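Trainee: generate coordinates for the sequence data below:
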Amino acid sequence: MEEPFVPTDFDAPLAFAWSDFHLEPLGPQHNERDHEAWMSSIDHIRSTPGFTPAEEPNWPVAMSLERNLEDLVRHARDFEERKGFTYSILEGDDVVGCVYIYPSRASDHDAVVSSWVTESHANSDDSVRKTLATWIDEVWPFSNPHYAGTTSSATDLGELLEAHTEAWNSHDLDSLMSLFSKDCMFEASGGDEVCGTRYEGFEMVREAFAAVLDSMPDARWDYGRHHVLGSEYGVSEWTLTGTLSDGRRLEVNGCDFLTIRDGLIVLKNSYRKQRPPLSKSF
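Mentor: Model (predicted):
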């Protein structure tokens with residue numbers, strides 16, 4: 001017999017309030033407000049941990065109010081049948097986001113949690129995620145939930161370091177940027193400034209990463225060695241190999257010093273050996 005998602009004696013909360021926000025179980029009564037909220041913020045939600053195209057390829061995509069109602073009815077039914085729990089995040093009467101609590105497909109987690117807020121509330125994204133992660137830990141009966149975009153242990157931080165290197169090797173810019181906060185910063189290994197060239201903000205960092213990947217389509221960061229140095233700090237060592245546009249090859253050791261906040265990278269500080277590119281005949 002299949003194990004229930006939550007124990008039979010657990011009563012799922014019907015409300016939770018903090019700061020200017022509160023939760024209500026998502027249902028048909030939220031349809032117009034919910035539809036307006038996420039339809040106005042598709043690009044922002046697609047850059048939110050748990051909802052990037054690599055993680056959730058089928059949503060959000062534009063749909064009718066009627067189709068959205070079908071989704072809300074399904075979530076309400078899951079809540080009633082205790083198969084999953086979805087809440088609207090409200091500010092007053094306005095829907096400004098959602099949080100989803102469902103069984104995990106991964107054997108090392110018993111629940112997976114994800115949340116989004118509207119683009120107009122993007123500055124609250126991290127704080128909402130942090131508050132709800134604490135609520136999940138304190139109120140819900142899970143032993144090891146995974147909340148997309150948060151880091152709760154050294155194991156999770158180590159996995160984040162590995163995921164960062166894997167995203168570079170996959171050349172998947174969306175997956176890579178899903179690991180970074182909206183106010184992230186990248187300090188490159190070269191440049192005229194004492195810190196190297198500094199890129200500030202999500203879009204500037206994304207453009208800088210895209211330029212790196214475009215400059216070496218076959219680039220790889222191999223032999224990864226990852227070190228957790230605290231709850232919000234880690235170092236990844238690697239050997240970069242790749243072919244430059246003029247045919248010369250790079251093969252050089254380097255490392256990233258990564259600062260983490262609420263499970264997302266806020267600063268990537270890169271270093272590498274000053275080894276000249278190798279000749280085309282290499």
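Trainee: next, give phi and psi for the nearest residue to residue 62 once chain neighbours are set aside.
Mentor: Nearest non-adjacent residue to residue 62, counting by Cβ to Cβ, 6 or more residues apart in numbering: residue 39, 6.7 Å away. Just so you know, the C-beta spots here come from the backbone N, C-alpha and C atoms, and that holds for glycine as well. Dihedral pair for residue 39: phi -60, psi -30, per degrees, to the nearest 10.
Trainee: please apply the same query to the one 3 residues further on.
Mentor: Residue 42 adopts backbone torsions of phi -60, psi -50, taken as degrees, to the nearest 10.
Trainee: that one - nearest residue in space that isn't next to it in sequence?
Mentor: residue 60 (4.9 Å).
Trainee: what about the residue nearest to residue 62, how many neighbours?
Mentor: 16 (other Cβ atoms under 10 Å).
Trainee: flag the shaky bits of the protein, pLDDT-wise.
Mentor: Within the chain, the segments meeting pLDDT under 70 span 1, 108, 151-155, 231, 262, 280-282.
Trainee: endpoints of stretch 9-26, how far apart?
Mentor: Using Cα to Cα, to the nearest Å, one end of stretch 9-26 lies 22 Å from the other.
Trainee: show me what counts as buried in that stretch.
Mentor: Buried residues in stretch 9-26, counted by 16 or more other Cβ atoms under 10 Å: 12, 16, 21, 23, 25-26.
Trainee: equivalent analysis for stretch 167-175, please.
Mentor: 167-168, 171-173, 175.
Trainee: and if you look at stretch 235-249?
Mentor: Using 16+ other Cβ under 10 Å as the test for burial, stretch 235-249 gives 235-243, 249.
Trainee: before we move on, what about stretch 122-135?
Mentor: Those would be 122, 124-126, 128-133, 135, for stretch 122-135 by 16+ other Cβ under 10 Å.
Trainee: any idea how far it is from the chain center?
Mentor: Distance of stretch 122-135 from its chain centroid, counting by Cα atoms, centre = their mean, to the nearest Å, is 13 Å.
Trainee: residue 70 - that's part of a helix, no?
Mentor: Yes - per DSSP: H, G, I helix; E, B strand; the rest coil, residue 70 lies within a helix segment.
Trainee: can you count the residues close to residue 251?
Mentor: 13.
Trainee: what distance separates the host helix or strand of it from the centre of its chain?
Mentor: Per DSSP states H and E: residue 251 is located in strand 249-261. Centre-to-centre, strand 249-261 and its host chain are 20 Å apart (Cα atoms, centre = their mean).
Trainee: list phi and psi for residue 161.
Mentor: According to degrees, to the nearest 10, residue 161 has phi -60, psi -40.
Trainee: so what's it closest to, chain neighbours aside?
Mentor: residue 226 (4.0 Å).
Trainee: quick check: bridge partners of the residue nearest to residue 198 when sequence neighbours are not counted?
Mentor: Closest residue to residue 198 apart from its sequence neighbours, by Cβ to Cβ, 6+ apart: residue 187 at 5.2 Å. Residue 187 forms beta bridges with residue 198, residue 269, as assigned by DSSP bridges.
Trainee: so what's residue 187 up against?
Mentor: 195-199, 267-270 (Cβ atoms under 8 Å, 6 or more residues apart in numbering).
Trainee: so residue 227, which state does it fall into?
Mentor: Applying three-state DSSP: residue 227 is strand.
Trainee: what is the neighbour count of it?
Mentor: Going by other Cβ under 10 Å, the residues that sit close to residue 227 add up to 12.
Trainee: quick check: the closest residue to it other than its chain neighbours vs residue 257, distance?
Mentor: Excluding the flanking residues, the one nearest residue 227 by Cβ to Cβ, 6+ apart is residue 235, at 4.6 Å. Counting by Cβ to Cβ, to the nearest Å, the gap from residue 235 to residue 257 is 6 Å.
Trainee: give the closest residue to residue 102 in space, chain neighbours not counted.
Mentor: residue 84 (4.1 Å).
Trainee: shouldn't that neighbour be in contact with residue 103?
Mentor: Yes - with contacts counted by Cβ atoms under 8 Å, residue 84 reaches residue 103, the gap being 7.1 Å.
Trainee: please identify every residue contacting each of those two.
Mentor: By Cβ under 8 Å, 6+ apart, the residues touching both residue 84 and residue 103 are residue 5.
Trainee: strands along the stretch 51-200 of the chain, start to end?
Mentor: Along the stretch 51-200 of the chain, counting by DSSP state E, counting those that start in this stretch, strands occupy 85-91, 94-102, 111-117, 145-147, 180-187, 198-200.
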